[in-house]
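# Task: produce atomic coordinates for the following.
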Amino acid sequence: MKQIHRRFTMAEIEVANIMLELPQLIFQSEFCPRFSFTWGLKRKRSRISKEGVTVVFAAASPPSLKLSPSPPPPPSLPHIFVDNTVGATPIEKVTLPPSSPVTPLFFSPSESDEKSRPSKKISRVYTLKRKREQLVGMVADFTNSNEFLKKDIQISGRLLNQLRTENLELKSKKQKVFLFPCYILLFVNLLFLIRWGIILV
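Purely as a prediction, here's the structure:
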């Protein structure tokens, strides 16, 4: 008997089956979110011949697709023609249909910048006003302290003059007190000399 030579292993056969099913899987993954379909895929088992393993597959039946209803087309806007000739009638105002509420709102960065600019200006004005008030308060404090210092200088000047006059008075009194004993001694000596007749009157 001739020995049967196995050209393919079972792992290789499974890989071949997956490669054959790959287009169908890709088609299913692309159209699955939009279409709902069901199908059955049948394949024949591999049969072994004398020369080797031969794999035979049945053609996959195309899936039955159920198309979802397409959305209605958007309403067409009327065309507006502008006539620049003299005496032309004015253009009528065309009201556009309201936009769908499902559409998300979009704010351009320029609008947000314009909204943030007034707040920045207000904060800057507030800071400048606060600094100005602080400076005015500091100037008022300095002027008050300057006036107090001037008053203190005047009071200290008056006290200095008063002390100077008192010092002069004390000096004069000291001189008088120092000369008074001398006058008394001189007067006593004169009386003594007159009494003894030394000095003739």
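
# by contact count, what packs against the helix with the most length in the chain?
Counting residues, the longest helix found in the chain (DSSP state H) is helix 109-195. Judged by 3 or more C-beta pairs under 8 Å, 6 or more residues apart in numbering; DSSP states H and E, helix 109-195 is in contact with no other helix or strand. For glycine as for every other residue, the C-beta is placed from the backbone atoms N, C-alpha and C.

# pLDDT of that helix, averaged?
Mean pLDDT, computed over helix 109-195, is 82.

# again with stretch 25-42
59.

# Now do Phe142: how many residues are near it, please.
10 (other C-beta atoms under 10 Å).

# again with Arg195
Neighbours of Arg195 (other C-beta under 10 Å): 9.

# Next: Glu21.
15.

# can I assume it sits in a helix?
Yes - when DSSP: H, G, I helix; E, B strand; the rest coil is applied, Glu21 is found to be in a helix.

# That one and Gln28, how far apart?
10 Å (C-beta to C-beta, to the nearest Å).

# same deal with Ala11?
Taking C-beta to C-beta, one finds Ala11 at 24 Å from Gln28.

# And for Asp141?
As for Asp141, its distance to Gln28 is 85 Å (criterion: C-beta to C-beta).

# Compare these two (neighbour count), which wins?
Taking neighbours as other C-beta under 10 Å, Asp141 and Gln28 compare with Gln28 leading, 14 against 10.

# Okay, and the more buried one sits in which element?
Here Gln28, judged by DSSP states H and E, is contained in helix 10-31.

# mind listing what's buried in that helix?
Within helix 10-31, no residue counts as buried by 16 or more other C-beta atoms under 10 Å.

# before we move on, what about stretch 142-157?
Buried, per 16+ other C-beta under 10 Å, within stretch 142-157: nothing.

# then it to CSV, C-alphas only?
Provided in CSV are the C-alpha atoms of stretch 142-157 (Å, rounded to 0.1, in the frame of the first residue of the first chain):
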residue,chain,number,x,y,z
PHE,A,142,2.8,112.1,55.4
THR,A,143,1.2,115.6,55.4
ASN,A,144,-0.3,115.0,58.8
SER,A,145,3.0,113.8,60.2
ASN,A,146,4.7,116.8,58.7
GLU,A,147,2.3,119.2,60.4
PHE,A,148,2.9,117.4,63.7
LEU,A,149,6.6,117.7,63.3
LYS,A,150,6.3,121.4,62.5
LYS,A,151,4.3,121.9,65.7
ASP,A,152,6.8,119.9,67.7
ILE,A,153,9.7,122.1,66.3
GLN,A,154,7.8,125.3,67.3
ILE,A,155,7.2,124.0,70.8
SER,A,156,10.8,122.9,71.2
GLY,A,157,12.0,126.3,69.9
